[in-house]
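1. the following block contains a protein sequence and its predicted model.
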Amino acid sequence: MQWKNYRYKLTEEGAVITQYLPEEEEISARIPSEIDGYPVTEIGEEAFSEYGSMLERVEVPSTVKRLGNGAFKMCMSLTDLVLQNGLEYIGEEAFYLTPVEELYLPESVSEIRRPWELGGIRFRISEENPWFSTDGYGLYRRTGEEDGGEKELLVIFQSEERTEYFVEAGTTVIGENAAAGNTVLREVILPDTVHTIREAAFEGCQQLEKIFLPEGLRVIEANAFSHCICLREIHLPASLEYLGEYAVSDTFGWSESLNGLEEITVDERNPLFHRSGDALFQNLFDGDERTEKRGRALVKYFGRDRKYEIPGDVVCILPGAFRRAGIFRADVPEAVRKVGKDAFRECRNLGEIYLEESDTLLYIPRQPVYRKDEIMALFCSGDCETYQKEDNDDIALPEKWLSFARMPISSGSSKEKENPYEKYAFDYRGYDALFHTYLNLPDQYGMAVCRLKYPVLLDDDVKAKYETFIRKNLPGILDSIAETQDMDHLVQLAELGFFTEENIEACMDRFHRPGCAKMMSYLLNYKMQNLGEAEFDFDL
């Protein structure tokens, strides 16, 4: 239905404006309080988004209780929006791409969906409003005494002049995305009353250098500090009980020089989290009582060693734990049964993984770099969270601590108990299946030699394919070894028996070049010790 330049529909409560149709060159609109005798109670979803781009000022009557999702979305000239007492609800993206710089919230507003979207708007709030308040830079929400009297920081206004922010005293929760994308803040000081930092609260705060986490903080949810590229160090208090996925393990930027956290310290009184060497760990327990320890989870490695030996009691490597680490080799203990997503993402130097479970040194292909993640994804994965949370638990306290038993590679069949693959945390068949997808010769022979030297669950036909590949490509392989001075692979080829009386001379000819004296000497000794004494013709 249409009334003047408004399309609308009727509900039990009154009229809902579904679309604004402007009159010629109209730059101001005063929404009617009633249409055909029905009170206008709602501005519907994206009602002004299509034809409201020229509007500079809009007055909303006191009869309107709801602004629907995207109500003034794409109103790219709107700078003056007048809201009246009576409005109760503001939907998500209500002012998306709208240049409103200041907004008055009347006393009746009780709910704002996705308030973090309002980070570019200054607020003036009625002193009579019992739910919301502001200090000029932060928008806060209070809940009643029946809900525990919580005070939540919903969003921090982004101001070029404000690089430091003291969160208001009495604040208990830092809300979801409260400062997400803020490009100005350098320091945030939290009061002692804060017990929870919600998901992605500071995500993308690219200038954030310092934040004080108070004693009493119990929960840091997922991605809380993701992409905080200038945050070099952080201290976790003794009270911390929950650290969400990627909360402190994804502080990276697009450039490899923007790696965020370099130092994580923990209050020594914390029973769950602790630092050992250059890594952050979490103790894992059975049951809420925490009486029986089941091992540890590796949360974040931030060292600079070329080789890192993961402690033997680690049963779970959490997502992003080694991201962008400079290690060439990681030793994984037999206890590890789960490796989280992106645990070794962008580890450009990673070339070897030692698996204690099978006494295997696994070759990690070098090129292309992004495919290293594909290899690491062959570890059995699973939910690496240490405990579950109830959706309605405002402070996300632990509900159930997970035990980390050995996890099978596959599931569903009663015959799996007879499956030899389920005793291993790494999918060797998956590794073999990737072999022919690599086109770089050094990576191909690196994988082939690795599997032949450590033939864990290696099928006979797959073994034959590896052997055939090496024999067929042996001249090129030796040329590559000579160019890269790859003594290790030369020795491994010899140990696997690829040098014989028939080919040893031709193989040695590949090393008649500068810089290969050590390799030539090795092959001469190998020939003398394993293929009989060399025969020399002294007849000149």
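-> Here it is on my side, so go on.

2. quick one: stretch 30-43 to chain centroid distance?
-> 46 Å (Cα atoms, centre = their mean, to the nearest Å).

3. average pLDDT for it, rounded please.
-> The average pLDDT within stretch 30-43 is 94.

4. what comes into contact with it?
-> Residues outside stretch 30-43 that contact it (Cβ atoms under 8 Å, 6 or more residues apart in numbering) are 3-4, 6, 8, 10-11, 13-17, 58-68, 71-72. Yep, even glycine has a C-beta here, placed from its N, CA and C like the rest.

5. of all the residues in it, which ones are buried?
-> Neighbour counts over stretch 30-43 (16 or more other Cβ atoms under 10 Å) mark Ile31, Pro32, Ser33, Ile35, Tyr38, Pro39, Val40, Thr41, Glu42, Ile43 as buried.

6. can you put the residues you listed in a markdown table and add distance to Val184?
-> As requested, those are exported to a markdown table (distance: Cβ to Cβ, whole Å):
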| residue | distance to Val184 |
| --- | --- |
| Ile31 | 35 |
| Pro32 | 41 |
| Ser33 | 40 |
| Ile35 | 44 |
| Tyr38 | 46 |
| Pro39 | 43 |
| Val40 | 39 |
| Thr41 | 39 |
| Glu42 | 36 |
| Ile43 | 32 |
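
7. can you tell me the element the residue nearest to Gly532 when sequence neighbours are not counted falls in?
-> Leaving aside its sequence neighbours, Gly532 sits nearest to Glu501 (Cβ to Cβ, 6 or more residues apart in numbering; 7.3 Å). Assigned by DSSP states H and E, Glu501 falls within no helix or strand.

8. how near is Glu501 to Arg306?
-> Shown here: Glu501 relative to Arg306, a distance of 39 Å by Cβ to Cβ, to the nearest Å.

9. cool, and Lys453?
-> From Lys453 over to Arg306 the distance is 22 Å, taken as Cβ to Cβ.

10. more neighbours: the two, which one.
-> For Lys453 versus Arg306, the count of surrounding residues by other Cβ atoms under 10 Å is larger for Lys453: 14 against 10.

11. for the more buried one, phi and psi?
-> Note on Lys453: backbone dihedrals following degrees, to the nearest 10 are phi -80, psi -30.

12. surely it and Glu495 touch.
-> Yes: counting by Cβ atoms under 8 Å, Glu495 is a contact partner of Lys453 at 7.2 Å.

13. for Thr255, give me the pLDDT.
-> One thing to correct before we go on: residue 255 is Ser, not Thr. We have a pLDDT of 80 for Ser255.

14. how many neighbours does it have?
-> 8.

15. likewise the one 10 residues further on?
-> Other residues near Thr265 come to 12 when the count uses other Cβ under 10 Å.

16. list the residues that contact it.
-> Glu233, Ile234, His235, Leu236, Arg275.

17. narrow those residues to those in helices?
-> Among the contacts of Thr265, none falls in helices (DSSP state H).

18. can I get these in TSV with neighbour count, distance to Gly120 and pLDDT?
-> TSV is the format used below for the contacts of Thr265 (neighbours: other Cβ atoms under 10 Å; distance: Cβ to Cβ, whole Å; pLDDT from 0 to 100):
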residue	neighbour count	distance to Gly120	pLDDT
Glu233	14	30	93
Ile234	23	27	95
His235	12	31	96
Leu236	21	32	97
Arg275	18	38	95
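
19. what's the longest strand in the chain?
-> Across the chain, the strand with the greatest residue count (assigned by DSSP state E) is strand 292-301.

20. could you list the buried residues of it?
-> Within strand 292-301, the residues that count as buried by 16+ other Cβ under 10 Å are Arg294, Gly295, Arg296, Ala297, Leu298, Val299, Lys300, Tyr301.

21. hang on, isn't the fourth one packed against Phe281?
-> Looking back up the chat, that one is Ala297. Yes: counting by Cβ under 8 Å, Ala297 does reach Phe281; the two are 6.7 Å apart.

22. what residues are shared contacts of the two?
-> Joint contacts of Ala297 and Phe281 (Cβ under 8 Å, 6+ apart) are Val314.

23. which elements pack onto whichever helix or strand comes after the longest strand of the chain?
-> As assigned by DSSP H and E, the chain's next helix or strand after strand 292-301 is strand 307-309. Strand 307-309 is packed against strand 329-332, with contacts defined by 3 or more Cβ pairs under 8 Å, 6 or more residues apart in numbering; DSSP states H and E.

24. how far does the strand it packs on sit from its chain's centre?
-> With Cα atoms, centre = their mean as the basis, strand 329-332 stands 22 Å off its chain's centre.

25. which is the next helix or strand following that strand?
-> Assignment by DSSP H and E places the next element after strand 329-332 at strand 338-339.

26. got a list of what Cys228 touches?
-> Phe202, Glu203, Gly204, Cys205, Gln206, Leu208, Thr251, Gly260, Leu261.

27. what's the separation between it and Asp192?
-> Distance, Cys228 to Asp192, using Cβ to Cβ: 22 Å.

28. after the worst-scoring helix or strand of the chain on mean pLDDT comes which helix or strand?
-> The weakest-scoring helix or strand in the chain, judged by mean pLDDT, DSSP states H and E, is strand 400-401 (a mean of 28). Toward the C-terminus, strand 400-401 is succeeded by helix 428-433 as the next helix or strand (DSSP H and E).

29. for that next one, buried residues please.
-> Across helix 428-433, burial judged by 16+ other Cβ under 10 Å covers Tyr428, Tyr431, Asp432.

30. please apply the same query to stretch 79-89.
-> Leu81, Leu83, Gly86, Leu87, Tyr89.

31. please apply the same query to stretch 520-529.
-> Across stretch 520-529, burial judged by 16+ other Cβ under 10 Å covers Met520, Tyr522, Leu523, Tyr526, Lys527.

32. next: stretch 121-129.
-> Under 16+ other Cβ under 10 Å, the buried positions of stretch 121-129 are Ile121, Phe123, Ile125, Asn129.

33. just the ones of those in strands?
-> Secondary structure from DSSP E places Phe123, Ile125 of the buried residues of stretch 121-129 in strands.

34. which residues touch stretch 339-350?
-> Around stretch 339-350, the neighbours that count as contacts under Cβ under 8 Å, 6+ apart are 245, 252, 256, 306, 316-330, 364, 369, 372-373, 376-377, 379-381, 384, 425.

35. got a PyMOL select line for the buried ones in those residues?
-> Here is the PyMOL command that selects the buried residues among the contacts of stretch 339-350 (16+ other Cβ under 10 Å):
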select buried, resi 245+252+316+317+318+319+320+321+322+323+324+325+327+329+330+364+372+373+376+377+379+380+381+384+425
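
36. next step: the contacts of stretch 339-350 restricted to strands.
-> Short answer: the contacts of stretch 339-350 in strands (DSSP E) are Cys316, Ile317, Arg329, Ala330.

37. nearest to Met76 among these?
-> Nearest to Met76 among the ones in strands among the contacts of stretch 339-350, counting by Cβ to Cβ, is Ile317 at 47.2 Å.

38. now do the contacts for the closest one.
-> Counting by Cβ under 8 Å, 6+ apart, Ile317 touches Ala297, Leu298, Ile310, Val332, Val336, Lys338, Val339, Gly340, Ala343, Cys384.

39. helices of the stretch 101-250 of the chain, residue ranges please.
-> Applying DSSP state H, counting those that start in this stretch to the stretch 101-250 of the chain gives no helices.

40. residue ranges with poor pLDDT in it?
-> Scanning the stretch 101-250 of the chain for pLDDT under 70 picks out the ranges 144-148.

41. buried subset of the contacts of stretch 30-43?
-> Counted by 16+ other Cβ under 10 Å, these give 6, 8, 14-17, 58, 60-61, 63-68, 71-72 as buried.

42. so which of those belong to strands?
-> Taking DSSP E, the ones among the buried ones among the contacts of stretch 30-43 that sit in strands are Tyr6, Tyr8, Ala15, Val16, Ile17, Val58, Arg66, Leu67.
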